[in-house]
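Undergrad: Sequence first, predicted model second:
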Amino acid sequence: MTDTTTRLLIIGPPGAGKGTQAAQIAERFGVPAISTGDIFRANIKGGTPLGQQVQAIIESGELVPDSLTNEIVADRLNQADAAAGFLLDGYPRNVEQVHALDGMLDGESLDAVVLLEADVDAVVARLLKRAELEGRADDTEEVIRHRQDIYAEQTAPLVKLFSERGILVTVDGLGTVEEVAARIATGLDAQLSAKAGR
Ligand code: AMP
């Protein structure tokens with residue numbers, strides 16, 4: 001049986017440049033980039049009930065409860081444009097969410113997980129600069145560091161899990177957007193052709 005779907009995930013610390021790379025990967029594979037952070041931010045901006053529910057949580061740097069986040073992703077993956085595959089960005093973020101996603105995919109696992117590696121001090125500096133440039137007064141150093149701590153505690157352990165599943169592609173996130181995109185493309189092609197040959 002030929003499986004023509006491409007199910008991807010990009011993971012890495014906040015500020016590593018996931019969103020920028022996600023857009024490029026999604027375009028290359030012709031799949032939608034699905035970012036839970038973007039979905040939450042759009043709802044906050046639009047003043048929807050969901051936005052009102054999550055605004056304070058997001059501003060504090062905490063994670064939105066799993067039950068709510070899982071439901072949003074399940075709905076999004078059920079939409080027609082995700083039938084041929086997708087690139088998840090920012091989800092799953094903890095072990096509970098990995099199990100929820102496994103259930104949604106119904107035995108059809110992810111094909112590859114791109115880990116975008118970045119140094120904590122470098123990403124904190126980048127995020128502080130962005131907060132200043134974009135006038136994000138809520139993104140204080142304290143909140144930015146708190147998000148890094150949550151990543152280290154809850155999300156970083158997932159790397160081992162995906163590595164054990166044989167689907168991890170580790171990429172150095174340091175460099176220009178083009179340099180990093182080229183590394184991701186090479187790593188993903190190798191991973192996906194190895195999987196196709198199995
Ligand atoms: P991001 O843009 O992915 O860094 O997400 C911004 C914020 O949205 C995070 O700091 C969390 O508060 C919330 N968020 C995004 N994705 C998730 C998720 N998978 N689980 C829980 N909260 C999330």
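TA: Structure's in. What do you need? Predicted, not measured: the structure shown is a model, and the values here were computed from it.
Undergrad: and the residue lying closest to Ser35 once chain neighbours are set aside, what are its bridge partners?
TA: Once flanking residues are discounted, Ser35 sits nearest to Asp89: 4.2 Å by C-beta to C-beta, 6 or more residues apart in numbering. For every residue, glycine as well, the C-beta is placed using N, CA and C. Beta-bridge partners for Asp89, by DSSP bridges, are Ile10, Ser35.
Undergrad: Wait, Asp89 touches Ala33, no?
TA: Yes - Asp89 lies in contact with Ala33 (C-beta atoms under 8 Å); the separation is 5.9 Å.
Undergrad: can you list residues touching both of these two?
TA: Residues touching both Asp89 and Ala33 by C-beta atoms under 8 Å, 6 or more residues apart in numbering: Ala22.
Undergrad: The helix ranked longest in the chain - contacts with which helices or strands?
TA: Criterion DSSP state H: the longest helix present in the chain is helix 177-196. For helix 177-196, the packing partners by 3 or more C-beta pairs under 8 Å, 6 or more residues apart in numbering; DSSP states H and E come out as helix 18-29, strand 112-117, strand 168-172.
Undergrad: will you turn those into TSV that also has distance to Ala194, mean neighbour count and mean pLDDT?
TA: As requested, those are exported to TSV (distance: least, C-beta to C-beta, whole Å; neighbours: other C-beta atoms under 10 Å; pLDDT from 0 to 100):
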stretch	distance to Ala194	mean neighbour count	mean pLDDT
helix 18-29	16	18	96
strand 112-117	10	22	98
strand 168-172	10	18	98
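Undergrad: And those: which comes nearest the ligand?
TA: helix 18-29 (7.1 Å; C-beta to the nearest ligand atom).
Undergrad: which bits of the chain sit near the ligand?
TA: Residues of the chain lying close to the ligand (C-beta under 6 Å from any ligand atom) are 14, 36-37, 40, 57-58, 61-64, 69, 90-91, 93, 97, 147.
Undergrad: List buried residues within those residues.
TA: Among the residues of the chain next to the ligand, those classed as buried by 16 or more other C-beta atoms under 10 Å are 14, 36-37, 40, 58, 61, 63-64, 69, 90-91, 93, 97, 147.
Undergrad: So which other helices or strands are in contact with the helix or strand of the chain with the lowest mean pLDDT?
TA: Here the helix or strand of the chain ranked lowest by mean pLDDT, DSSP states H and E is helix 120-133, holding a mean of 90. Using 3+ C-beta pairs under 8 Å, 6+ apart, the elements in contact with helix 120-133 are helix 141-150.
Undergrad: Okay, buried residues for the helix it packs on please.
TA: 143-144, 147-148, 150.
Undergrad: I'd like those as JSON lines, with pLDDT appended.
TA: As requested, the buried residues of helix 141-150 are exported to JSON lines (pLDDT from 0 to 100):
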{"residue": "Val143", "pLDDT": "93"}
{"residue": "Ile144", "pLDDT": "93"}
{"residue": "Arg147", "pLDDT": "94"}
{"residue": "Gln148", "pLDDT": "95"}
{"residue": "Ile150", "pLDDT": "97"}
